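Participant: 3D, please:
(chains A and B)
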Amino acid sequence: MLSSSLRASRARAYATVASSSSANVASINHGQPTSSVTVLVKAGSRYETKPGVAHCLKNFAFKDTEKRSALRTIRETELFGGVLSTSLSREYIALTADFLPGNEAYFVDLLASQVTSPRFARHEFQESVAPLVQGESTAAYNDPAVLALDLAHGLAFRNGLGASLFASAGNAVTNEDVKAYASKVFSQDNVAFIGTGVDESLLQKLVGEHFTATGTGAASSPTTKYFGGETRLAPSPESHAHGPQTVFIGFGSSSVSPELAILSSYLDPTTSLKWGQSTSPIANLVVPGTTIKSVYLPYSDGTLAGVIIQAHDAAAVKTAAVGVAKAISDVKAGSLTGDSFNVAVAKARFRLASQMEERASQVTAVGSKLFGGSQGLLESLPSVLEKTDASAFSKAASTALSSKATYVAIGDVGSLPYADELGL
Amino acid sequence: MFGGPLGISLAPAIKQNKSLLKLLTPIANAYANAMGHRQMGLRYDDLLVEEREDVQKALGRLTAREGFDRAYRLKMSHQLAVLHRPLPKEQWLTAKDDVRYLAPIVEGVKTEDDERALWDTMEVEVRKS
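Facilitator: Next up is the predicted model:
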């Protein structure tokens, strides 16, 4: 059995089939013990028509449809031993059902009805969606790291990709707004069914049976352009967060940028061993009480990479931020060559490759391919990285790092450093 | 109360029978006018017994405007009752304005409650295949 599944996985990573039915369908099947089907909708926050409407639409998932009520959806899923989940990213809303092989027919029907005939009852919006949206937003805004990244996207990309993931109380989204947005995005070209551990022809047949698109046309958002900028935010008095002092230093680009992947893995201070120090130039800045996290966020037509520095007092954050800014300016000057360059490339490749092991990343990668975006971004990047050499990197990196930095400071704005103090 | 939140009604059965419906419609209209709520500016759904959880839930699902109008009608009818004086005839509610604005919502809540009760008491059988 092992050998047969190995053979299957060698035979094809996954195959993409132009579907006879109205939706995009693909499956990644190498005999996984559980199956999942994801409805990927190009309806993330970058496509939204009103701030927060994508967040509301995500929380409207698995509510009443013309076919079955929300309660019935949940109870029946429980009987099948399935798990329903939703996720919202800047690009996609994903509705996922995980289940045991053999129950494909039921769950494809369930997922298809979510995008074919959602009811969007006003009372459901008031009674369960709106409180949930508000709760999620409050939780996000009370976490300085999440808030910093959200603000950083706004600074870096302004419109489109810069749109906040979370609905804020200031922008009242109504049920009608959600309905209008849904009727726009739940269209034939905008929805993809992606299975894992499901036979592709079966999935295709089931989607053809259950999914009938209401319209055509793909969602569009402004072309991504990197701007950069600085913002400082003192926590509002009513927020209950006594979160750490937080600084985000980042750079972006309006393309899929391998340089930033290498830079981000070079700076990443996570140790490869439980004991000992990483080879990162900022590893010595990680002292007890200070955390430094490197983030790399690739999108279909843009990238944001950077470092989140958190500590309990502003002085410690400042010390670390100065060090990080120096490491970045060293890279800009062309210090990343030789062995440390090779280490950074290897680390970046490993990180991206291991990310592709996750079901959600696989689904997104296949989805972006189906939607005709940049070809399977996460997959192609490791091979692009392999071909990058040090001189090409230092040239590209110095161009990328010469643009304006994205800088966010949250907390004690009186003591946290300004971007120009760090030489950014 | 018998027959759920909306009480007992023969209307669905009568509506099935065309000749019976034709016979009884004028009587029903005359009865609705004779009930007197229209003379006090009320709609029929304003008279619905509201001291029940399902009706309360339905009231919570009215739009802000509907809720405000309902409160206004009730307040006005109380005032008229105190004065022992119905509205002047030209201000009586017409049959056209006597909309069942609450009954469909109450029915929706009842359907939900029934469904929940059904799922809570379900028996699962293993499929024989």
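
Participant: B:L6 is in contact with B:I105, isn't it?
Facilitator: No. Contact status for B:L6 versus B:I105: not in contact, 11.0 Å apart, counting by C-beta atoms under 8 Å. C-beta here means a position set from N, CA and C on the backbone, and glycine is covered the same way.

Participant: who has more neighbours, these two?
Facilitator: Using other C-beta atoms under 10 Å in any protein chain shown as the criterion, B:L6 and B:I105 rank with B:I105 on top: 22 against 19.

Participant: what's the following helix or strand after the helix or strand hosting A:G135?
Facilitator: Here A:G135, judged by DSSP states H and E, is contained in helix A:130-141. Downstream of helix A:130-141, the next assigned helix or strand under DSSP H and E is helix A:144-157.

Participant: other SSEs contacting the helix or strand hosting A:F193?
Facilitator: For A:F193, the element it lies in under DSSP H and E is strand A:191-196. Helices and strands touching strand A:191-196, by 3 or more C-beta pairs under 8 Å, 6 or more residues apart in numbering or on different chains; DSSP states H and E, are strand A:24-28, strand A:35-41, helix A:104-116, helix A:200-210, helix A:359-370.

Participant: so which of these is the most packed in?
Facilitator: The highest mean neighbour count among these, using mean count of other C-beta atoms under 10 Å in any protein chain shown, belongs to strand A:35-41: a mean of 26.

Participant: Show me what from chain B comes close to chain A.
Facilitator: Counting by C-beta under 8 Å from any C-beta of the partner chain, the residues of chain B lying close to chain A are B:60-61, B:63, B:105, B:108, B:112, B:115-116, B:119, B:122, B:124.

Participant: Cross those residues against helices and list the overlap.
Facilitator: The members of the residues of chain B next to chain A that map onto helices under DSSP state H are B:60, B:105, B:108, B:112, B:115-116, B:119.

Participant: Can you say which of those are buried?
Facilitator: If you count burial by 16 or more other C-beta atoms under 10 Å in any protein chain shown, the buried members of these come out as B:105, B:108, B:112, B:119.

Participant: contacting residues for the second one?
Facilitator: In this structure, B:G108 makes contact with A:123, B:58, B:61, judged by C-beta atoms under 8 Å, 6 or more residues apart in numbering or on different chains.

Participant: Ranking by neighbours, what's the top pick from those residues?
Facilitator: Of all the contacts of B:G108, B:A58 has the most neighbours under the rule other C-beta under 10 Å, reaching 24 neighbours.

Participant: which phi and psi does that one have?
Facilitator: Backbone geometry at B:A58, expressed as degrees, to the nearest 10, gives phi -60, psi -40.

Participant: wait, what's in contact with it?
Facilitator: With contacts defined as C-beta under 8 Å, 6+ apart, B:A58 is in contact with B:5, B:102, B:105-106, B:108-109.

Participant: Nearest residue to the residue in chain B that chain A sits nearest to in space, please, no chain neighbours.
Facilitator: Closest residue of chain B to chain A, C-beta to the nearest C-beta: B:R61 (4.2 Å). The shortest distance from B:R61 to any non-neighbouring residue, by C-beta to C-beta, 6 or more residues apart in numbering or on different chains, is to A:H123 (4.2 Å).

Participant: Please, which helix or strand holds the one you found?
Facilitator: Using DSSP H and E, the element containing A:H123 is helix A:122-124.

Participant: quick check: longest helix of chain A.
Facilitator: Per DSSP H, chain A has its longest helix at helix A:314-333.

Participant: Please identify the buried residues of it?
Facilitator: A:314, A:316-321, A:323-325, A:327-328, A:331-332.

Participant: Point out where the stretch 101-250 of chain A drops to low pLDDT.
Facilitator: Where the stretch 101-250 of chain A drops to pLDDT under 70, the residues are A:237-242.

Participant: So which bits of it are right by chain B?
Facilitator: Checking the stretch 101-250 of chain A against chain B by C-beta under 8 Å from any C-beta, the hits are A:122-123, A:126-127.
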